[in-house]
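# what's the 3D shape of this:
(3 chains)
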Amino acid sequence: MWVRRMRYSVEEKGTKVIVRGIADFNLKETFESGQCFRWNEEDDGSYTGVAYDRVVNVKLEGDTLIIDNTNLTDFYDIWFDYFDLGRDYGQIKESLSKDPVLKEAIKFGQGIRILRQDTWETLVSFIVSQNNRIPQIKKVIENLATSFGNPIEYKGKIYYTFPKPEELVMYDVETIAKTRCGFRAKYIFDAASKVFSGEINLLKLHEYSTSEIRDILMTINGVGPKVADCVILYSIGRYDTFPTDVWIKRIVEHLYLKREGTPVEIQLFAIDKFGDLSGFAQQYLFYYGREMGKKIFGERKK
DNA sequence: CGCCAGGGCTAGC
DNA sequence: GCTAGCCATGGC
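Here you go, the predicted structure:
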């Protein structure tokens, strides 16, 4: 019900696809809301990133989205869904704004969208994220790509695709650890092994219920509730999911509960409150909490 | 130096 | 079922 036919005009021009009629989209808010790790800002405010074995540059000028180094086929096959362009975020924000806290949070990230990312890359990225900081997560993911991915050129620079399971299982844990991923190397290897062997079929996850997907992902060593929920939200697109990390826990405790709670309690509270829009609410609250900074939450214990 | 990071595993109750 | 201690690495 939250997917409405959006009215865009789409035009291919040289190496670019130009989309007019874009609303509720801000590149910085979307790329820096902690859901993805391979987009980097250029001097002109555009972002260059690698996803689905492609490197593109995206720029927003008013209501016009310009995607460079692509074509119409890729736009409809990949980028339309990747940027969630079929969804009316205006309606989502309107509905969530009935909650006064969310109404305030949304002001800080009016242009946040939830990207539809590749499941394998999302899985590994959030394995890397555990007990780690975002700049370090980005470095490790780049190391994985340059070490084990394939080179692709764009504007005279070499970028690297994210390595597939079959490109990782041929190495051992010690080699994977050279990417500075630390103790997570064995987790990455186990994920690659289970996907490569077919024990876990990422392409069929969407056929299962959310809790079944959770159970399947958590059979991987190093994948717990938080990592599984991030995969479910950011790549499967189940929006009744509320990934609960230390930050969102502090934020919910501070803004709603007015007391401390367990992660499970926080999650159940949020999903009960936000329902099918929980994932969006989480993203707005997370960005809001991070923008408000450690001044408010920093001194609290986890 | 110690502390902690978008967690999860393990051992010990 | 619950939790404290641990985990690699790096920034402060």
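# what does the stretch 151-300 of chain A have sitting close to DNA strand B?
Contact residues (Cβ under 7 Å from any atom of the strand) of the stretch 151-300 of chain A with DNA strand B: A:183, A:218, A:221-228, A:230, A:243-248, A:282-283, A:286. C-betas here are computed from N, CA, C, even on glycine.
# Residue ranges in the stretch 151-300 of chain A under the pLDDT threshold?
Along the stretch 151-300 of chain A, segments meeting pLDDT under 70 span A:293-300.
# Pull out the buried members of the residues of the stretch 151-300 of chain A next to DNA strand B.
If you count burial by 16 or more other Cβ atoms under 10 Å, the buried members of these come out as A:222-223, A:226-228, A:230, A:243-245, A:248, A:282-283, A:286.
# Which of those residues fall within helices?
Counting by DSSP state H, those place A:226, A:227, A:228, A:230, A:248, A:282, A:283, A:286 in helices.
# what's the last one in contact with, if anything?
Residues near residue A:286 by Cβ atoms under 8 Å, 6 or more residues apart in numbering: A:33, A:34, A:247, A:248, A:251.
# mind checking the SS state of residue A:153?
What DSSP: H, G, I helix; E, B strand; the rest coil gives for residue A:153 is strand.
# Indicate the residue of the stretch 151-300 of chain A located nearest to DNA strand C.
Closest contact between the stretch 151-300 of chain A and DNA strand C, by Cβ to the nearest atom of the strand, is at residue A:182 (2.9 Å).
# now the ones in helices among the buried ones among the residues of the stretch 151-300 of chain A next to DNA strand B in JSON lines, with distance to residue A:177?
Converted to JSON lines, these look like this (distance: Cβ to Cβ, whole Å):
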{"residue": "A:226", "distance to residue A:177": "22"}
{"residue": "A:227", "distance to residue A:177": "19"}
{"residue": "A:228", "distance to residue A:177": "23"}
{"residue": "A:230", "distance to residue A:177": "22"}
{"residue": "A:248", "distance to residue A:177": "29"}
{"residue": "A:282", "distance to residue A:177": "31"}
{"residue": "A:283", "distance to residue A:177": "32"}
{"residue": "A:286", "distance to residue A:177": "29"}
